[in-house]
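Visitor: my questions concern the predicted model and sequence given below.
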Amino acid sequence: MSAGASAARPPLTARPGAWLDPATKLFSGAACLVILAMLAVILGTVIAGGAGTITWDFLTKPPTKGMTEGGIFPAIFGTASLTLLMTVVAVPAGVITAVYLTEYAPPRSKVARLVRVCIANLAGVPSIVFGLFGLGFFVATVGRAMDQAAFGGQPTYGKPSLIWASLTLAVLTLPVVVVATEEALRAVPRELRDASLAVGATKFQTIVKVILPEALGGILTGSILAVSRGAGEVAPILFTGAAYFLPYLPTHLNDPFMNLGYHVNVLATQ
């Protein structure tokens with residue numbers, strides 16, 4: 001480049017839109033501070049209001065006298081069990097779906113296009129609709145069919161229970177896992193795929209040993225977002241397994257359970 005051309009170029013600060021960068025940083029920082037301040041207020045309110053109430057017995061004992069006394073341990077246990085089962089189903093299914101869409105499906109595949117349309121539609125469905133879906137499909141259809149086939153019609157799985165609530169939440173959180181995993185897989189450089197294939201690795205080996213480890217951060221981020229959403233949902237489990245008052249722990253997949261979100265909702269509306 002000649003000296004004249006270099007001298008003719010305007011300085012960086014004089015270019016159109018150069019002010020956007022510091023302005024973006026300013027507004028982003030302000031938004032972050034507002035969110036942190038809101039979080040601090042919420043946590044402070046919870047701690048200030050509950051410091052004198054939260055005891056070891058409250059955290060480890062079941063509720064008594066129609067939930068007017070006792071603790072919340074069954075609700076903690078039920079929420080943890082529900083979230084664990086949901087994660088075991090939703091995360092592997094979401095990752096496998098994203099790997100198929102990104103690595104195996106042809107660019108103009110009608111199947112891949114249909115799957116993406118279904119995922120987009122699922123992401124926009126209200127959570128209460130998932131609860132009605134779980135009641136109609138898992139409980140009334142799959143559960144009763146299992147009862148007719150294996151238990152002589154005795155109501156065993158054809159009723160709201162832990163397994164159906166977990167599967168309902170897995171369907172609800174599946175789009176979050178799929179979309180986040182797809183974006184993480186697309187961010188892996190093409191050169192890594194080509195290098196792995198060039199040294200003799202199969203496509204499956206490349207995906208397992210190269211692509212997935214590189215995309216692990218994005219996959220975990222999507223999984224955490226999905227788990228956090230599922231753990232806080234109440235509407236889908238109202239029809240599929242949550243119990244109002246249950247002073248014992250669920251021991252089988254077809255048992256009802258207590259849930260912290262539902263528990264708080266019940267206490268707040270009494």
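Guide: Okay, I see it.
Visitor: how about the helices in the protein?
Guide: Under the criterion DSSP state H, the chain carries helices at the ranges 3-8, 20-50, 56-60, 73-99, 110-123, 127-133, 144-150, 162-186, 190-198, 203-206, 212-214, 216-232, 235-238, 260-268.
Visitor: those helices: which one's closest to Pro247?
Guide: helix 73-99 (6.5 Å; C-beta to C-beta). Glycine gets a C-beta too; all of them are placed from N, C-alpha and C.
Visitor: any buried residues in the closest one, and which?
Guide: Of the residues in helix 73-99, those buried by neighbour count under the rule 16 or more other C-beta atoms under 10 Å are 73-79, 81-83, 85-87, 89-91, 93-95, 97-99.
Visitor: what's the angle from that helix to helix 162-186?
Guide: Orientation check (axes from the mean of the first three to the mean of the last three C-alpha atoms, to 10 degrees): helix 73-99 against helix 162-186 gives 40 degrees.
Visitor: helix 73-99 vs helix 110-123, what angle?
Guide: Here helix 73-99 points in a direction 150 degrees away from that of helix 110-123 (the same axes, to 10 degrees).
Visitor: so helix 73-99 versus helix 216-232, what angle?
Guide: Interaxial angle of helix 73-99 relative to helix 216-232 (the same axes, to 10 degrees): 140 degrees.
Visitor: which other helices and strands does helix 73-99 contact?
Guide: If you count contacts as 3 or more C-beta pairs under 8 Å, 6 or more residues apart in numbering; DSSP states H and E, helix 73-99 packs onto helix 56-60, helix 162-186, helix 216-232, helix 260-268.
Visitor: out of the ones you listed, which is the most enclosed?
Guide: Taking mean count of other C-beta atoms under 10 Å as the contact definition, the stretch among the helices and strands packed on helix 73-99 with the greatest mean neighbour count is helix 162-186, which reaches a mean of 24.
Visitor: tell me what that helix is packed against?
Guide: Where contact means 3+ C-beta pairs under 8 Å, 6+ apart, helix 162-186 is packed against helix 73-99, helix 110-123, helix 127-133, helix 216-232, helix 235-238.
Visitor: reformat the ones you listed as a markdown table; add mean pLDDT.
Guide: What follows is the helices and strands packed on helix 162-186, written out as a markdown table (pLDDT from 0 to 100):
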| stretch | mean pLDDT |
| --- | --- |
| helix 73-99 | 94 |
| helix 110-123 | 91 |
| helix 127-133 | 93 |
| helix 216-232 | 92 |
| helix 235-238 | 92 |
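Visitor: would JSON lines of those helices with distance to Asp21 be doable?
Guide: Compiled in JSON lines, the helices and strands packed on helix 162-186 are given as follows (distance: least, C-beta to C-beta, whole Å):
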{"stretch": "helix 73-99", "distance to Asp21": "33"}
{"stretch": "helix 110-123", "distance to Asp21": "32"}
{"stretch": "helix 127-133", "distance to Asp21": "39"}
{"stretch": "helix 216-232", "distance to Asp21": "25"}
{"stretch": "helix 235-238", "distance to Asp21": "42"}
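Visitor: for Thr173, find the nearest of the ones you listed.
Guide: Checked against C-beta to C-beta, the stretch from those lying closest is helix 216-232, at 3.8 Å.
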